[in-house]
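Sharing a model that was predicted from the sequence below.
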Amino acid sequence: MARKMSTRKRPRREDKPLHEINKIAYKVFDTKTLHVLVGLMNTRVFKSIDYPLASGKEAYVFRGTRADGTHVAIKVFKYETTAFRHAHEYLEGDPRFNAKRVRGRLRDFVRLWARKEFANLQACADEGVSVPQPIAHRDNVVVMEFLGERGVPYALLEDVVVANPRLLLSEIVAQAKLAWQAGIVHADLSSFNVIMRTSEGKEGKGAQTPVLIDWAQGVSVAHPRAREYLANDCHNVASFFKRLGLRVDESEIEKTITS
């Protein structure tokens, strides 16, 4: 029979979040990454790293605070991961990056992957695509606009109730079209990579607009598989809105984006 743990030995409830943060820090903050983060602090890109916002196979995203009290999102790509095993296809064929230079060298690949996300964000932001505004990049760290209000992040499209599916579909397609005009295909667009920005409407009600996130795998339209990736994006978008009861033709979505 297992013995009941003494209440004196149990971890305090307030220690549990700290324990989770420490586990993440152990996985992400190797010595080189710590040097990068300290360097960004020293150049006043942000003042502090607050807590994790999201985690994935490739990266962790943290909320950071700037000297003026505003927030940023700090995306740290992990060096120790197998998530990049099949990621070379998104680099090879993209004329903006030399994938051969990093083949077989994981750390160099991760740094190039982070640079690719920052470059894609810049290209999209310059074209007016609704994306997190890029702020800074160094090695495996990308700093961008924090998508939230009063320090609390906005919700993913996957997790919200959509009031007007037809309107939202047209807005997402319009953003993908702008990205195409910027020379970029998202290549992983889905309801999990759209954040709903909330703003006050005319009657005080929260109006929601889509922001497209996670651009590291995005490729140039000159990539030999760009059309294939775009077709997959259109399929994902169409599938989501079909679940909401819309009749959606994914081939028409693709034509709209590329016309």
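Structure's in. What do you need? From a predicted model like this one, the values you see are computed outputs, not experimental measurements.

dump the residue contacts of V72.
Applying C-beta atoms under 8 Å, 6 or more residues apart in numbering to V72 gives the contacts 45-46, 63-66, 135, 143-146. Using the backbone N, CA and C atoms, a C-beta is placed for each residue, glycine as well.

so it sits in a strand?
Yes. When DSSP: H, G, I helix; E, B strand; the rest coil is applied, V72 is found to be in a strand.

partner residues bridging it?
G64, E145 (DSSP bridges).

ok, now how distant is it from P134?
Going from V72 to P134 by C-beta to C-beta, to the nearest Å gives 11 Å.

Show residues contacting stretch 123-131.
121, 133-134, 175, 178-179, 181-184, 197, 209-213, 215.

could I get stretch 123-143 in PDB with only the CA atoms?
C-alpha atoms of stretch 123-143 as PDB (Å, rounded to 0.1, in the frame of the first residue of the first chain):
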ATOM      1  CA  ALA A 123       8.000  40.700 -46.100                       C
ATOM      2  CA  CYS A 124       4.400  40.200 -45.000                       C
ATOM      3  CA  ALA A 125       4.300  43.200 -42.700                       C
ATOM      4  CA  ASP A 126       5.700  45.400 -45.500                       C
ATOM      5  CA  GLU A 127       2.800  44.300 -47.700                       C
ATOM      6  CA  GLY A 128       0.200  44.900 -45.100                       C
ATOM      7  CA  VAL A 129      -0.500  41.300 -44.200                       C
ATOM      8  CA  SER A 130      -2.100  40.900 -40.700                       C
ATOM      9  CA  VAL A 131       0.900  39.300 -38.900                       C
ATOM     10  CA  PRO A 132       2.700  39.900 -35.600                       C
ATOM     11  CA  GLN A 133       5.000  42.900 -36.300                       C
ATOM     12  CA  PRO A 134       8.600  41.700 -36.300                       C
ATOM     13  CA  ILE A 135      10.800  43.500 -33.800                       C
ATOM     14  CA  ALA A 136      14.200  41.700 -33.600                       C
ATOM     15  CA  HIS A 137      16.100  38.600 -34.500                       C
ATOM     16  CA  ARG A 138      19.300  37.100 -33.200                       C
ATOM     17  CA  ASP A 139      20.400  33.500 -33.700                       C
ATOM     18  CA  ASN A 140      17.600  31.200 -32.600                       C
ATOM     19  CA  VAL A 141      15.400  33.900 -31.100                       C
ATOM     20  CA  VAL A 142      12.700  36.000 -32.800                       C
ATOM     21  CA  VAL A 143      11.000  38.900 -31.000                       C
END
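
Thank you, goodbye.
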